[in-house]
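Peer 1: Here is a sequence with its predicted model. Questions after.
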Amino acid sequence: MAAMEHPALSHIEKTRADAYRKEIDQEENVWRSLPFFAATLALQLAALFQLITRLPPPGTGAGLLPEILLALTGRFMFVALCLLAACIAPTRFRYISREPALFRYTEDLIRAQQAAKDQGLKDVFDALDVLKRELVHQFAVATDHNRRINKRRELLRAFAGLFVIVSVLTTLFPVTGAFAYYVANTFDTGAGHGPTHAIAPPEPTGGGTADTRTGNPGGAAHPPGPANADRH
C-alpha cells in the first residue's frame, strides 16, 4: 500500500514554488529602474554642458570651487555608471529541470511504482511523493542561488543611486555659484540702467571751429555792419 503524502510536504512545495517565482520576477526590477537613472544622468549632462561656458574665470577665487565640484561630479557620475553596469551584467540564473526532462522523470516514477505493485511488494513508494520531494529540492536550490544574485544587484543599485544623488548635489552648487557670480557682476557694472557716458557730437571737418553762438559754420565772425556801428 502506498504511503500517504504528508501535509508538510505539500506546504513546503507551495512556499518554495512561490519564492522561486518571486526571485525570477525580481530580476526585472533592475531593468525597470534604469529609465530613472538614465533621465537623471541626462539632465545632469545637459546642465553641465550649459554650466561649463558660464563658470567664473579660473583665476578668481569664485572659479576654483565650482571647478572642484564639477570634477567631483564627473567622478561620481562615472562611478554610478560603473555600478549600474555591474547590476545588469549577464548572470546565470538557476532554474528547475526543463519540462521534457521533468516529464520523462515523472513517467519513469509512474512505471516504477506500477511495476512494484505488479510484483506484489508491500512497501511501494508513492510516485507523487517522490516527485514533490524532487521539485521541492530544485525549488530550494534555485531560489537560494537566484536570491544571492538579486541581493547583490540590489546592493549595487542602491550604491549607484547614492552616487547619483551626490552628483546631483555637486551639480547644484556650481549652478548656484555661477548664477550668483553673474548676478553680482551685472549689478556692479550697471548693465541695463542706460549708457554710462554721454555721446559727444562729432567734430566738424571744416576749416575752422563752429561758432555755436552765431551759427556760422566756418567759425568766422560777422563783420561789423552799419547796424553794429557805434551811435553817438
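Peer 2: Structure received.

Peer 1: shaky segments in the chain?
Peer 2: Scanning the chain for pLDDT under 70 picks out the ranges 1-6, 53-64, 121, 123-124, 177-232.

Peer 1: And the helix ranked longest in the chain, what does it pack against?
Peer 2: Secondary structure of the chain per DSSP state H: the longest helix is helix 127-189. Counting contacts by 3 or more C-beta pairs under 8 Å, 6 or more residues apart in numbering; DSSP states H and E, helix 127-189 packs against helix 7-52, helix 64-87, helix 99-118. C-beta here means a position set from N, CA and C on the backbone, and glycine is covered the same way.

Peer 1: mind checking which of the ones you listed is nearest residue 143?
Peer 2: Shortest distance between residue 143 and the helices and strands packed on helix 127-189, using C-beta to C-beta, is found for helix 7-52: 4.7 Å.

Peer 1: Now do that closest one and helix 127-189, the angle between them.
Peer 2: When axes from the mean of the first three to the mean of the last three C-alpha atoms, to 10 degrees is applied, the directions of helix 7-52 and helix 127-189 differ by 20 degrees.

Peer 1: can you start the count at 37 instead of 1 from here on
Peer 2: All set: I'll call the first residue 37, so the last point we hit is now helix 43-88.

Peer 1: which helices and strands does helix 43-88 pack with?
Peer 2: helix 100-123, helix 163-225.

Peer 1: As a markdown table, these with mean neighbour count and distance to residue 75 would be great.
Peer 2: A markdown table is the format used below for the helices and strands packed on helix 43-88 (neighbours: other C-beta atoms under 10 Å; distance: least, C-beta to C-beta, whole Å):
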| stretch | mean neighbour count | distance to residue 75 |
| --- | --- | --- |
| helix 100-123 | 17 | 13 |
| helix 163-225 | 16 | 11 |
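
Peer 1: Output these in TSV; the columns should cover distance to residue 149.
Peer 2: Compiled in TSV, the helices and strands packed on helix 43-88 are given as follows (distance: least, C-beta to C-beta, whole Å):
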stretch	distance to residue 149
helix 100-123	47
helix 163-225	4
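
Peer 1: Tell me which of those helices sits nearest to residue 68.
Peer 2: When the helices and strands packed on helix 43-88 are ranked by proximity to residue 68 (C-beta to C-beta), helix 163-225 comes first, at 10.7 Å.
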